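**Student:** Return atomic coordinates for the entry below.
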Amino acid sequence: MHIQAATAADLDELAELFGAYLRFYEVAKPQSQVRDFLAARLRNNDSVILLARDAQGAAQGFVQLYAFFSSLALQPAWLLSDLYVSEQVRRQGVGEALMNAARAHAEATGSCGLQLETAKSNLPGQALYERLGYVRDEDHLVLTVIAQDQPGLVERIAQCISEHGGNWLESRMSRMAGQFAGILRVDVPLDAHSGLVTALEELQAHGIRVQIAAGGTEPVTVWQAIRLELVGNDRPGIVRDITRLLSSHGVNLESLNTEVVPAPMSGELLFQAQAVLGVPQSLSLEQLQTHLETLADDLMVELKLQVED
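**Tutor:** Next comes the predicted model:
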């Protein structure tokens, strides 16, 4: 099997496959319209279409990618919009090969991730995507919570979610300076969203403030996870200077825990931080280490980097 970017020379075979793809989703279009659509995408560089051929050169399937930008990562990303494999060659690894080629393209172009979309009825496709590590985006809500710490606080939130058919999926919660704060992701039926939102807003009467956002798709990352540990005498600006450097090199902050503690002998205040970084594949660990060590000397802190397991 050979996979490469489609060109105008591939248009006739590509249009045949794309026509079959549209029929699969029961939105058939005239073949001339399909061909014109694909010709425009190729001519205007609106998308990247990867075409799979067998050893004899016969077209077997395609995947189409559209470029976009991730506002949170401040980096480019790719949307895998269309994937199709000819019925005659299904269950022969063509779909997986196309998915892997799409991911390789995302990595080679320095993007922060690859996300995809498919119909809920496409169960075989969903099974393939999940097997390759993609995370399903259901009817999720992301909640942030803050309240004066009190017994029963989490129980009130959990009861509210349960009463509206929700499922508590993941959370990060902590108590600090007498306040309780957390972020959690819940799976809630779409028709129950408005009722849950209203119920959560009513928790304000109990001193519980909840902010709500729709959950987004988490693309398969093309970052390398690196753990950073830092310790040094406390001073204003450490977090600002470290995160500024990370941002300038396209490094994403996946998690961050900090604290200020007395030094064992002197009693002076020490600043300690542990972070997990999402480092682009294009930035080597040695390069990042060099940049951070230079800054660490200026800040008079010690730091250590290691690859996450």
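**Student:** burial of residue 18, as a residue count?
**Tutor:** Residues lying near residue 18 (other CB atoms under 10 Å) number 22. Quick note: C-beta positions are derived from backbone N, CA and C, even for glycine.
**Student:** Now name the helix or strand holding it.
**Tutor:** In the assignment (DSSP states H and E), residue 18 maps to helix 11-24.
**Student:** Let's test this: mean pLDDT of that helix, rounded?
**Tutor:** Helix 11-24 carries an average pLDDT of 93.
**Student:** Poorly predicted segments of this structure, please.
**Tutor:** Along the chain, segments meeting pLDDT under 70 span 72-73, 117-123, 125-126, 129-130, 133-139, 215-222, 309.
**Student:** Domains in it, by residue range?
**Tutor:** 2-131, 140-214, 222-307 (automatic domain parsing).
**Student:** Against residue 145, how distant is the nearest residue to residue 64 once chain neighbours are set aside?
**Tutor:** Excluding its sequence neighbours, the residue lying closest to residue 64 (CB to CB, 6 or more residues apart in numbering) is residue 82, at 4.0 Å. Applying CB to CB, to the nearest Å, the value for residue 82 to residue 145 is 39 Å.
**Student:** likewise residue 229?
**Tutor:** Distance from residue 229 to residue 145, counting by CB to CB: 28 Å.
**Student:** cool, and residue 292?
**Tutor:** 33 Å.
**Student:** what about these two, which has more around it?
**Tutor:** More crowded of residue 292 and residue 145, by other CB under 10 Å: residue 292, with 23 against 20.
**Student:** Flag every buried residue along stretch 30-45.
**Tutor:** 34-35, 38, 41-42 (16 or more other CB atoms under 10 Å).
**Student:** of these, closest to residue 157?
**Tutor:** For those, the residue nearest residue 157 by CB to CB is residue 41; the value is 46.4 Å.
**Student:** Need the phi and psi values for that closest one.
**Tutor:** Phi and psi for residue 41, reported as degrees, to the nearest 10, are phi -60, psi -40.
**Student:** burial measure for the nearest residue to it once chain neighbours are set aside, as a count.
**Tutor:** In this structure, residue 41 finds its nearest non-sequential neighbour in residue 47, 4.7 Å apart by CB to CB, 6+ apart. Other residues near residue 47 come to 18 when the count uses other CB under 10 Å.
**Student:** I'd like the distance from residue 47 to residue 93, if you could.
**Tutor:** Distance, residue 47 to residue 93, using CB to CB: 24 Å.
**Student:** Ok, residue 46 next?
**Tutor:** Taken as CB to CB, the span from residue 46 to residue 93 is 29 Å.
**Student:** Over to residue 202?
**Tutor:** 53 Å.
**Student:** the strands in this protein, which residues?
**Tutor:** Assigned by DSSP state E, the chain shows strands spanning 2-5, 48-53, 59-70, 75-85, 113-116, 140-148, 167-176, 179-187, 208-214, 220-221, 223-233, 252-262, 269-280, 301-307.
**Student:** Now render those as CSV, adding distance to residue 198.
**Tutor:** As requested, the strands of the chain are exported to CSV (distance: least, CB to CB, whole Å):
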stretch, distance to residue 198
strand 2-5, 50
strand 48-53, 44
strand 59-70, 31
strand 75-85, 33
strand 113-116, 31
strand 140-148, 13
strand 167-176, 19
strand 179-187, 15
strand 208-214, 11
strand 220-221, 35
strand 223-233, 38
strand 252-262, 32
strand 269-280, 36
strand 301-307, 45
